[in-house]
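Asker: just coords:
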């Protein structure tokens with residue numbers, strides 16, 4: 001009983017191990033799902049382990065084997081026959097009815113069935129301990145006419161036997177039937193006289209020999225032997241007629257409501273010794289009514305009936321696997337199932353990985369390359385390249401460390417998408433940012449009255465201090481365009497005011513160019529007259545504020561470039577005011 005239990009528990013452990021490998025290493029599950037499924041598998045394995053132990057314990061205590069009896073080993077291949085009917089005491093000896101008596105011979109094994117109602121229980125017990133014996137089980141029903149007194153009682157017993165066999169067959173057990181009968185004789189005879197389902201007439205079986213009745217009689221060497229064999233033939237044929245009329249019709253009923261249970265073979269033999277002969281039994285009545293022969297006087301002593309070993313060759317032997325082999329086969333099928341699931345999962349995950357990386361690459365390539373950082377395509381492209389870098393990191397890890405088991409199994413296909421991803425990342429360029437300009441200084445505003453006399457464009461002698469302060473501010477931002485704009489109030493002639501404002505701006509330009517050695521290209525002179533007032537011309541204060549000269553710095557590409565002038569063959573560099581200023 002230990003071997004089936006160990007095999008069942010080993011299968012549960014194997015199935016649990018395969019399930020955990022699939023959950024933890026193969027299937028694409030989240031951590032929470034992995035934990036829940038792993039706990040479920042462990043709970044199922046534990047339940048199966050306990051259930052197998054309880055089932056084995058129940059099976060061990062379902063029936064009690066008789067002392068000295070033991071079930072054959074798992075690899076036993078001969079037929080195992082459940083024996084019920086008459087003569088059980090002479091076959092198995094004195095064994096209590098609540099114990100299971102077994103007898104194993106060279107040709108097969110025999111199990112005693114004390115009563116017909118216990119036949120299904122004993123068959124279930126055998127299959128529970130040796131489920132692979134389902135094709136080896138058979139039933140032997142013994143009918144000894146000398147032990148039967150009431151024909152109606154015999155018919156009831158046969159019908160009960162047929163009913164029990166039908167119950168067992170409905171559970172999937174073929175359970176072929178052998179019919180056997182013993183006659184008391186003055187001498188023991190080792191021959192078995194049989195008729196079989198596909199055979200016409202009686203035949204004689206002894207060990208491995210199989211002869212017809214005529215051949216068996218002809219092999220007698222002397223007259224006494226021939227006479228004894230002739231008497232035996234008469235007895236056997238009479239017993240055969242009795243079985244044909246009193247027993248077989250009730251096994252093979254022609255009523256459609258009854259199940260048909262034909263016998264594979266019917267065997268008869270003579271046994272020396274006194275069997276349990278009932279007074280005025282059916283066999284005595286049969287012999288007295290139909291023959292002039294008296295029943296033979298049995299030899300003194302209790303009869304020891306032989307088992308019908310020659311008939312066991314008609315029964316199927318083991319065709320199914322032993323529990324150990326069945327456990328191995330089931331384990332292999334579990335492994336195949338787990339391998340198929342793993343391969344399908346790996347193929348699906350590889351397909352998803354290749355599709356995901358390919359989609360990320362196409363999305364990145366579909367975004368136009370921006371020329372400036374301010375374009376909206378720049379942000380979209382940066383988002384796409386971030387995803388692409390993450391994909392590249394995953395592919396690099398698989399390339400350097402090997403792909404994970406969930407993507408492996410010889411199905412990894414993402415290596416082919418790695419080169420185009422790396423090429424796209426290598427070609428990625430970020431647009432150059434615009435130069436960051438310094439803070440633009442405020443315009444320098446000079447009061448015209450502090451520089452010029454009224455209506456004049458010539459600088460006053462005292463204006464140098466004001467202009468020097470302005471020049472210092474201008475040179476603090478070298479390289480920018482210097483814009484000098486002259487403004488007047490609204491009094492006087494507008495045209496004259498326009499010319500005056502421009503002349504005053506030019507005068508300031510000339511002074512700065514002369515004093516700061518600044519190239520002429522760095523200056524821009526403008527005159528606006530009274531067109532851009534900063535205050536009202538209705539008041540003296542407002543008109544004084546409008547009379548002004550504004551100096552601004554404007555950034556301009558190529559302004560104030562260093563220039564050289566050729567004078568007498570010698571280059572004379574000019575001072576380059578640095579810096580471009582943005583208004």
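Answerer: It's in. All values reported here derive from a predicted model rather than from experimental measurement.
Asker: am I right that residue 414 is in contact with residue 392?
Answerer: No: look at residue 414 against residue 392 with C-beta atoms under 8 Å: they stay out of range, at 11.2 Å. For the C-beta atoms, the positions are set from N, CA and C on the backbone; glycine is no exception.
Asker: more neighbours: which of those two?
Answerer: residue 414 (22 against 19; other C-beta atoms under 10 Å).
Asker: how about that one, nearest residue that isn't a chain neighbour?
Answerer: residue 353 (5.0 Å; C-beta to C-beta, 6 or more residues apart in numbering).
Asker: how about that neighbour, secondary structure?
Answerer: Look at residue 353: counting by DSSP: H, G, I helix; E, B strand; the rest coil, its state is helix.
Asker: so what's the residue count around it?
Answerer: Residue 353, neighbours per other C-beta under 10 Å, totals 20.
Asker: distance check, it against residue 359.
Answerer: 11 Å (C-beta to C-beta, to the nearest Å).
Asker: same thing with residue 493?
Answerer: Taking C-beta to C-beta, one finds residue 493 at 76 Å from residue 359.
Asker: repeat for residue 483
Answerer: Residue 483 is 55 Å from residue 359, by C-beta to C-beta.
Asker: doesn't residue 51 make contact with residue 5?
Answerer: No: with contact defined as C-beta under 8 Å, residue 5 does not reach residue 51; the gap is 11.0 Å.
Asker: quick one: buried residues of stretch 511-530?
Answerer: 511-513, 516, 518-519, 522-530 (16 or more other C-beta atoms under 10 Å).
Asker: picking up where we left off before, ok, residue 483 and residue 359, which is more surrounded?
Answerer: Using other C-beta under 10 Å, the more surrounded residue of residue 483 and residue 359 is residue 483, with 20 against 12.
Asker: quick one: which helix or strand includes the most centrally placed residue in the chain?
Answerer: Compute the mean C-alpha point of the chain, and by C-alpha atoms, centre = their mean the closest residue is residue 341, 4.2 Å away. Assessed by DSSP states H and E, residue 341 sits inside helix 323-366.
Asker: need the next SSE after that helix, C-terminal direction.
Answerer: helix 376-401.
Asker: quick one, the helix holding residue 341 and helix 376-401 angle?
Answerer: 150 degrees (axes from the mean of the first three to the mean of the last three C-alpha atoms, to 10 degrees).
Asker: what about the closest residue to residue 205 other than its chain neighbours, how many residues nearby?
Answerer: Counting by C-beta to C-beta, 6+ apart, residue 310 is the residue found nearest to residue 205 once chain neighbours are left out, at 3.9 Å. A count of neighbours around residue 310, defined by other C-beta under 10 Å, yields 23.
Asker: could you do the one 3 residues further on as well?
Answerer: By other C-beta under 10 Å, 14 other residues sit near residue 313.
Asker: isn't it up against residue 107?
Answerer: Yes: contact criterion C-beta under 8 Å: residue 313 and residue 107 qualify, at 7.2 Å.
Asker: show residues contacting stretch 12-21.
Answerer: 37-38, 41-42, 44-45, 48-49, 52, 331, 334-335, 338, 342 (C-beta atoms under 8 Å, 6 or more residues apart in numbering).
Asker: meant to ask about stretch 404-415, not that
Answerer: 25-28, 342-343, 345-347, 349-351, 353-354, 357, 395, 398-399, 402-403.
Asker: now with 10 Å, please.
Answerer: 21-22, 24-29, 339, 342-354, 356-358, 391, 394-395, 397-399, 402-403, 421 (C-beta atoms under 10 Å, 6 or more residues apart in numbering).
Asker: pull up the overlap in contacts between residue 414 and residue 392.
Answerer: Counting by C-beta under 10 Å, 6+ apart, the residues touching both residue 414 and residue 392 are 357, 421.
Asker: kindly report the domain assignment for this protein.
Answerer: Listed domain ranges for the chain are 2-58, 76-320, 327-426, 444-573 (source: automatic domain parsing).
Asker: redo these as JSON lines? Include mean pLDDT and distance to residue 67.
Answerer: Converted to JSON lines, these look like this (pLDDT from 0 to 100; distance: least, C-beta to C-beta, whole Å):
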{"stretch": "domain 2-58", "mean pLDDT": "84", "distance to residue 67": "20"}
{"stretch": "domain 76-320", "mean pLDDT": "82", "distance to residue 67": "8"}
{"stretch": "domain 327-426", "mean pLDDT": "88", "distance to residue 67": "31"}
{"stretch": "domain 444-573", "mean pLDDT": "78", "distance to residue 67": "117"}
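Asker: for residue 65, which of these is the nearest?
Answerer: Closest of those to residue 65 is domain 76-320, at 5.0 Å (criterion: C-beta to C-beta).
Asker: next, the buried residues of stretch 202-220.
Answerer: For stretch 202-220, by 16+ other C-beta under 10 Å, it's 202-205, 213, 216-217.
Asker: quick check: the farthest pair among those?
Answerer: 205 and 217 (15.1 Å).
Asker: and the buried residues of stretch 511-530, which of them are in helices?
Answerer: Counting by DSSP state H, the buried residues of stretch 511-530 place 511-513, 516 in helices.
Asker: out of the residues you listed, which is nearest to residue 153?
Answerer: residue 516 (147.0 Å).
Asker: for the closest one, which non-adjacent residue is spatially closest?
Answerer: residue 471 (5.5 Å).
Asker: count of neighbours near that neighbour?
Answerer: 20.
Asker: got a list of what it touches?
Answerer: By C-beta under 10 Å, 6+ apart, the contact list for residue 471 reads 444, 464, 482, 508, 511-512, 515-516, 518, 551.
Asker: what do you get if the cut-off is 7 Å, keeping everything else the same?
Answerer: 512, 515-516 (C-beta atoms under 7 Å, 6 or more residues apart in numbering).
Asker: now swap in residue 6 and tell me
Answerer: Contacts for residue 6 (C-beta under 7 Å, 6+ apart) come out as none.
Asker: before I go, just wanted to say thanks for your time.
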